[in-house]
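Colleague: here is my input; please provide its structure:
(2 chains)
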Amino acid sequence: MTEFEPIIVTFACHYCAYGAADLAGVMRLQYPASIRVVKIPCTGRIDVHHILTAFEKGADGVIVAGCRIGDCHFESGNIKATKRVQYAKKLLEEIGLDKERLEMYYMSSAEGARFAEVAAEMTERIKKLGPNPLRKEARK
Amino acid sequence: MIIANRKPFEEIKAMVAPFNRILILGCGTCVTVDFSGGEKQVGILAAELRMARQLEGKPLETVEHTVQRQCEWEFIDPIADMVRSVDAVLSMACGVGVQAMAERYPDKIVLPALNTVMMGMPIEAGVFVERCAGCGNCVLALTGGICPIARCSKNLLNGPCGGSQNGKCEVNPEIDCAWHLIYEKLKAMGRLDALMEIMGPKDWRPAGGGGPRKIVREEERLEFMEM
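Modeller: Numbers count the residues shown, from 1 in each chain, chains lettered A, B, ... in the order given. Okay, here's the model as predicted:
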């Protein structure tokens, strides 16, 4: 049996995490192929609905990656995102999905290594949790 | 605006448990502004319910729609086909909208997804407070524009009770004493004399004490009036 390779939707802010992901590539850093990057203008654009949609469509994990607190290009987008991620975790529990499948991370665009580290950390976590049960249902 | 709160998810899930296809109907007016029952909340609740039901092995089909106002016939009449196509309607409007739907579609089960709480306003992003109790006999002219009915825990009409401490209410120290606010406001405006007027016992009939209320504006009615 081949090892479970998760799909982790990563909402990455244009001003930081997306740059960090790009830098990770330029630095030739290895990180798991599970990461699917979705570029967003700011994590403040992320709504609970986007996160739920990712899980409903079968994502095994979701990362919201924004600027470090205080560094948001739009001042408070990452703070708004932090609160929405917390709320979405509560909704995931209500639904019956493990809230650990969702996480918010902070990084600057200079932190290519941090992006690779986050990708590896989250992939490990999701591998332990197993596939999104909704996806398993869909596969039957 | 009318301010509501979504019911606990478990309660909503239990209500829709017998059904396979439901319409989740949002309202585009008050509950959109207070983030409890607008288009976005419809999308979130629908996604939550679909996923929870799929995990239980009993998939739920959802139709999502939001009308401008659920409390007027002209906005809920055009969705008749949509209502007909589902087993039940889960309304994300206030209690008025839920009842309008139930009355307009008498054969359909209409369920409330929200608890309607109060008439109020946002004082900052994400914080909503009560401002009016709909008592039917406004006294704001005498109280500096601060309502002692909606904002005093005891609905007092002639000054604070003994439980007013440092401007806070004895019911909950987070609540400002309405009469303290009224006094400070009138003092700042040099209008303390307004407090000399004694308000008599309040007639609570216009507040609902006389049974459900009804207002008729003859000049707006379409029926022919007896002259």
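Colleague: tell me which helix or strand A:Arg135 sits in.
Modeller: Assessed by DSSP states H and E, A:Arg135 sits inside helix A:133-139.
Colleague: was I right about A:Gly44 contacting A:Lys83?
Modeller: No. Judged on Cβ atoms under 8 Å, A:Gly44 makes no contact with A:Lys83 at a distance of 10.3 Å. For the C-beta atoms, the positions are set from N, CA and C on the backbone; glycine is no exception.
Colleague: neighbour count: these two, which is higher?
Modeller: Set A:Gly44 next to A:Lys83 and count neighbours by other Cβ atoms under 10 Å in any protein chain shown: A:Gly44 wins out with 20 against 12.
Colleague: list the contacts for that one?
Modeller: A:72, A:74, A:76-78, A:80-81 (Cβ atoms under 8 Å, 6 or more residues apart in numbering or on different chains).
Colleague: around chain B, which positions in chain A sit nearby?
Modeller: A:47-49, A:52-53, A:55-56, A:91, A:94-97, A:133-134, A:137 (Cβ under 8 Å from any Cβ of the partner chain).
Colleague: in helices only, show me those residues.
Modeller: Of the residues of chain A next to chain B, the ones assigned to helices by DSSP state H are A:48-49, A:52-53, A:55-56, A:91, A:94-95, A:133-134, A:137.
Colleague: what ranges does chain B have for its helices?
Modeller: B:9-16, B:30-33, B:39-55, B:73-76, B:80-84, B:95-104, B:148-151, B:178-188.
Colleague: tell me how far B:Met93 lies from A:Ile7.
Modeller: Residue B:93: Ala, not Met. Distance, B:Ala93 to A:Ile7, using Cβ to Cβ, to the nearest Å: 37 Å.
Colleague: show me which of these two is the more surrounded one.
Modeller: B:Ala93 (33 against 19).
Colleague: contacts only, for that one.
Modeller: B:25-27, B:31, B:37, B:70-71, B:100-101, B:114.
Colleague: one more: A:Val62?
Modeller: Contacts of A:Val62 (Cβ under 8 Å, 6+ apart): A:8-11, A:51, A:54-55, A:101-103.
Colleague: am I right that it falls within a strand?
Modeller: Yes. Checked against DSSP: H, G, I helix; E, B strand; the rest coil, A:Val62 lies within a strand.
Colleague: pLDDT score for the nearest residue to B:Tyr105 once chain neighbours are set aside?
Modeller: Nearest non-adjacent residue to B:Tyr105, counting by Cβ to Cβ, 6 or more residues apart in numbering or on different chains: B:Val83, 5.2 Å away. Predicted confidence (pLDDT) for B:Val83: 98.
Colleague: now tabulate the contacts of A:Gly44 in TSV and tack on neighbour count and pLDDT.
Modeller: Listed next are the contacts of A:Gly44 as TSV, based on neighbours: other Cβ atoms under 10 Å in any protein chain shown; pLDDT from 0 to 100:
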residue	neighbour count	pLDDT
A:Cys72	22	97
A:Phe74	15	96
A:Ser76	13	95
A:Gly77	21	97
A:Asn78	27	97
A:Lys80	20	96
A:Ala81	28	97
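Colleague: in helices only, show me those residues.
Modeller: A:77-78, A:80-81.
Colleague: ok, and the most crowded of the contacts of A:Val62?
Modeller: If you count neighbours using other Cβ under 10 Å, the busiest of the contacts of A:Val62 is A:Ile51, which has 27 neighbours.
Colleague: ok, now which ones touch that residue?
Modeller: Shown in contact with A:Ile51 (Cβ under 8 Å, 6+ apart): A:62, A:64, A:84-85, A:88, A:102.
Colleague: between the residues you listed, which sits nearest chain B?
Modeller: Of all the contacts of A:Ile51, chain B sits closest to A:Ala88, with 9.1 Å by Cβ to the nearest Cβ.
Colleague: tell me who's in contact with B:Arg205.
Modeller: Here B:Arg205 is in contact with B:Gly136 (criterion: Cβ under 8 Å, 6+ apart).
Colleague: kindly reformat the helices of chain B as JSON lines containing mean neighbour count.
Modeller: As requested, the helices of chain B are exported to JSON lines (neighbours: other Cβ atoms under 10 Å in any protein chain shown):
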{"stretch": "helix B:9-16", "mean neighbour count": "16"}
{"stretch": "helix B:30-33", "mean neighbour count": "22"}
{"stretch": "helix B:39-55", "mean neighbour count": "21"}
{"stretch": "helix B:73-76", "mean neighbour count": "15"}
{"stretch": "helix B:80-84", "mean neighbour count": "13"}
{"stretch": "helix B:95-104", "mean neighbour count": "19"}
{"stretch": "helix B:148-151", "mean neighbour count": "21"}
{"stretch": "helix B:178-188", "mean neighbour count": "18"}
